[in-house]
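*Asks:* Could you work out the structure for the sequence below:
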Amino acid sequence: MKKVICQMSVSLDGYVEGPRHEIDWHLVDDEFNAYAVEMFDAADVLIMGRRTYELMAGYWPAATDNDPVVTERMNSTPK
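*Replies:* Got it, this is the predicted structure:
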C-alpha cells in the first residue's frame with residue numbers, strides 16, 4: 001500500500017497569500033529546492049486543488065528561473 005503525504009502551507013491566521021494573491025514572502029533557495037526534490041523522491045503522483053493546479057500548469061512548463069531538477073520533476077510527475 002502506498003503512503004499519502006500531505007505537504008501544505010498555511011500561516012497562523014489561515015492564509016498563505018496576500019490580498020492580491022501574492023506569495024512574495026515564499027523563499028525559494030537551495031534548502032527549499034533540496035526539500036522539494038526529497039518530496040518528489042517520496043511521491044509517485046501530485047494531488048492539488050483546482051486553483052493550485054491551474055496556477056502550476058500555467059507556470060511550470062515554461063519555467064526557466066528555478067532549479068532545473070525541481071522544474072523537470074514538477075513537469076514529469078503525474079498530477
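*Asks:* Apart from its neighbours in sequence, what residue is nearest residue 66?
*Replies:* Counting by C-beta to C-beta, 6 or more residues apart in numbering, residue 28 is the residue found nearest to residue 66 once chain neighbours are left out, at 7.0 Å. Yep, even glycine has a C-beta here, placed from its N, CA and C like the rest.
*Asks:* Name the helix or strand for that neighbour, please.
*Replies:* For residue 28, there is no enclosing helix or strand under DSSP states H and E.
*Asks:* and it, how many neighbours?
*Replies:* Number of residues near residue 28 (other C-beta atoms under 10 Å) recorded here: 12.
*Asks:* Also the one 5 residues further on?
*Replies:* Here the number of neighbours of residue 33 (other C-beta under 10 Å) works out to 16.
*Asks:* Contacts only, for residue 18.
*Replies:* residue 24 (C-beta atoms under 8 Å, 6 or more residues apart in numbering).
*Asks:* which residue ranges form the helices in this structure?
*Replies:* 30-42, 50-59, 68-76 (DSSP state H).
*Asks:* Give the buried residues for the lowest-mean-pLDDT helix or strand in the chain.
*Replies:* Least confident helix or strand of the chain, by mean pLDDT, DSSP states H and E, is helix 50-59 with a mean of 91. Using 16 or more other C-beta atoms under 10 Å as the test for burial, helix 50-59 gives residue 56.
*Asks:* can you list contacts of that helix?
*Replies:* 48, 74, 79.
*Asks:* Repeat that for stretch 72-79.
*Replies:* So stretch 72-79 is contacted by 36-37, 40, 43-48, 53, 56-57, 60-61, 63 (C-beta under 8 Å, 6+ apart).
*Asks:* Over it, what's the mean pLDDT, rounded is fine.
*Replies:* For stretch 72-79, the per-residue pLDDT values average out at 94.
*Asks:* So which bits of that stretch are buried?
*Replies:* By neighbour count on 16+ other C-beta under 10 Å, the buried set for stretch 72-79 is 73-74.
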